[in-house]
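Engineer: using only what follows, build the 3D model:
(chains A, B, C and D)
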There are 2 protein chains.
Amino acid sequence: MPSAAIPAPPWRAPKKPPAARQPLSAGAVLSTALRLVDRDGLDALSMRRVAQELGTGAASLYAYFANKDELLEQLLDRVIGDIPLPSDAAPDWIAEVKRSCYASRDVFCAHRDLVKVARGSIPIGPNSLRYTEAMLAVLRGAGIPDRIAAWGMDQLSMVIVADAAESAAHAERGHGAEADSAPYLNQIRDYLAALPIDEFPNLVAMAPAMVEGSGDERFSFAIDLMVDGLARHARTDLRDYAHDGGAE
Amino acid sequence: MPSAAIPAPPWRAPKKPPAARQPLSAGAVLSTALRLVDRDGLDALSMRRVAQELGTGAASLYAYFANKDELLEQLLDRVIGDIPLPSDAAPDWIAEVKRSCYASRDVFCAHRDLVKVARGSIPIGPNSLRYTEAMLAVLRGAGIPDRIAAWGMDQLSMVIVADAAESAAHAERGHGAEADSAPYLNQIRDYLAALPIDEFPNLVAMAPAMVEGSGDERFSFAIDLMVDGLARHARTDLRDYAHDGGAE
DNA sequence: TTCTACGTGCGAACGGCGTTCGTGTCAAGT
DNA sequence: ACTTGACACGAACGCCGTTCGCACGTAGAA
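Structural biologist: Next up is the predicted model:
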């Protein structure tokens, strides 16, 4: 030991000074992963980072999840569990379905782009199943035929997920909150307005309309379109009532 | 040279025996990338693989594309160029719009999961703009107010893209062609039917309905829902015509 | 109490990714 | 013939998801 002040022998030191804050469990991993997604976005989520945040190595996570996809799947289901279930006892089923759609979108939007993992996979987690069950109960209770209810449910989910994902993407692109996407949209509007008018007369003329409306307005437009359309399929024998409340 | 038959000195040999088949250009890169996506899927597309297929190194691609995202964006636009434009001179605009939606889906589905790159980004390639322009011309020609046309156009694109992506994902999961997804769907149906009936009465009862219908049927259901809804927004002052052809 | 056997947590390594840097190569201009 | 410029691209950097096998802690046997 000639050299002065060896601070610590290189071996025997590398214990874990902060050590495991929790004894490590699937739930703790999910909570940590969710926190990271909320803070840094889905693309920044890696097994290494989750493990590091837990004070361990990436390999340890594979004791609880077969792979990253399984972790993401469970993460998504946990978030879906935050969505309040629609009630089939509501007096106005149309309003109830729409309200539930808005709530779903809100929950997804509250977790940045986590919703991206929901694309292209039939959700089979317990919370997803509970939600689907509740929504189907409402639709069937409204007298919508099974086939229409199943397909409509599918389409509603798709629209909700796609819209939430698009909102998230726009928010990241403008790298700001909902309010800060205005400059980004203005940029698009100006770009459209500057196109050659002889080749793109409609795009130029509609440049302001293309970026009009907040994400919420556009979303509720889409949901109204779909739900009102579904409502027209309910009790087709009573269609002469011309059920045209809602949409504009 | 004592040892027998030195086949070739290790240096000076590594020329390119097959050599550059084409002098390398953005178009050639895109063609190669598209071929790889069609053959192996989007996830298997890497800069290295594209370059290798062209007999060069990955670094060379960066002369034509700033990064992988730009390559994918241009790839998507090239494919969108294959979609025939809807005509605003068609006698029945509703049928024309629907036909165009089907055509779009067909084109996307013809290229495996390439459509995944379309998510969450407003398409601004030249072919995308041309398509949007043509579709807007039809909708405005039908008397749909600008705001509704813009939002409706957006929603239609979203549904087309989301549906094509979902179809692609299901096709990969069943790792077969469209026809081979039947066992996969049967598996889902059986799983749903086996759920505890007291907690999931509707899911159990609707298990057959949930997987009913081909991708095409479900897609045209969704498109009908949206387009017929949009049609109801056209010339609201003439609504008493009760324009209810289509849906069901 | 001591020794052995076992289960498990995890560091290190593997192969692959997107991207960058600096050099090699060759054609056109002088 | 020489210079100059642009293009091509091998090698390397720092990530990624995943796997392997060792070291460690504990429990049961002797």
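Engineer: when you work out contacts or count neighbours from here on, use the C-alpha atoms and nothing else.
Structural biologist: OK.
Engineer: residues from chain A in reach of DNA strand C?
Structural biologist: Chain A comes close to DNA strand C at residues A:56-60, A:63, as judged by Cα under 7 Å from any atom of the strand.
Engineer: can you flag the buried ones in the residues you listed?
Structural biologist: Restricting the residues of chain A next to DNA strand C to buried positions leaves residue A:56, with burial counted as 16 or more other Cα atoms under 10 Å in any protein chain shown.
Engineer: out of the residues of chain A next to DNA strand C, name the ones that lie in helices.
Structural biologist: Within the residues of chain A next to DNA strand C, residues falling in helices by DSSP state H are A:58-60.
Engineer: and the biggest helix by length in chain A, average pLDDT?
Structural biologist: Counting by DSSP H, the longest helix found in chain A is helix A:146-173. Averaged across helix A:146-173, the pLDDT comes to 92.
Engineer: would you mark the buried spots in it?
Structural biologist: By 16+ other Cα under 10 Å, the buried positions in helix A:146-173 come out as A:146-172.
Engineer: next secondary structure after it?
Structural biologist: helix A:182-193 (DSSP states H and E).
Engineer: list the buried residues of that following helix.
Structural biologist: For helix A:182-193, by 16+ other Cα under 10 Å, it's A:182, A:185, A:188-189, A:192-193.
Engineer: quick one: least confident helix or strand in chain A?
Structural biologist: Least confident helix or strand, chain A: helix A:182-193 with a mean of 90, by mean pLDDT, DSSP states H and E.
Engineer: between helix A:146-173 and that helix, find me the angle.
Structural biologist: Here helix A:182-193 runs at an angle of 100 degrees relative to helix A:146-173 (axes from the mean of the first three to the mean of the last three Cα atoms, to 10 degrees).
Engineer: so what does helix A:182-193 touch, helix or strand wise?
Structural biologist: Counting by 3 or more Cα pairs under 8 Å, 6 or more residues apart in numbering or on different chains; DSSP states H and E, the packing neighbours recorded for helix A:182-193 are helix A:201-210.
Engineer: go through the helix it packs on and flag the buried ones.
Structural biologist: For helix A:201-210, by 16+ other Cα under 10 Å, it's A:201-204, A:206-210.
Engineer: extract the C-alpha set from it and format it as CSV.
Structural biologist: Written as CSV, here are the backbone C-alpha positions of helix A:201-210 (Å, rounded to 0.1, in the frame of the first residue of the first chain):
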residue,chain,number,x,y,z
PRO,A,201,-56.8,23.8,-54.2
ASN,A,202,-58.8,22.1,-51.5
LEU,A,203,-55.9,21.6,-49.1
VAL,A,204,-54.9,25.2,-49.4
ALA,A,205,-58.4,26.4,-48.9
MET,A,206,-58.9,24.1,-45.9
ALA,A,207,-55.6,24.7,-44.3
PRO,A,208,-57.2,26.5,-41.3
ALA,A,209,-60.0,23.8,-41.0
MET,A,210,-57.4,21.0,-41.1
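Engineer: ok now it, how far from the chain's centre?
Structural biologist: Counting by Cα atoms, centre = their mean, to the nearest Å, helix A:201-210 is centred 30 Å from the centre of its parent chain.
Engineer: quick one: that helix near chain B?
Structural biologist: Yes. Legend: contact between helix A:201-210 and chain B by Cα under 8 Å from any Cα of the partner chain is shown at A:201-203, A:206, A:209-210.
Engineer: ok, and what's touching stretch A:152-164?
Structural biologist: By Cα atoms under 8 Å, 6 or more residues apart in numbering or on different chains, the surrounding residues in contact with stretch A:152-164 are A:101, A:104-105, A:108-109, A:113, A:115-116, A:118-119, A:132, A:135-136, A:219, A:222-223, A:226, A:230, B:119-120, B:158-159, B:162-163, B:222.
Engineer: so which of those sit within strands?
Structural biologist: The members of those all map outside strands under DSSP state E.
Engineer: what subset of the residues you listed is buried?
Structural biologist: The buried subset of those - by 16+ other Cα under 10 Å - is A:101, A:104-105, A:108-109, A:113, A:115-116, A:118-119, A:132, A:135-136, A:219, A:222-223, A:226, A:230, B:119-120, B:158-159, B:162-163, B:222.
Engineer: from DNA strand D, how far out is residue A:147?
Structural biologist: Residue A:147 sits 36 Å away from DNA strand D, taking Cα to the nearest atom of the strand, to the nearest Å as the criterion.
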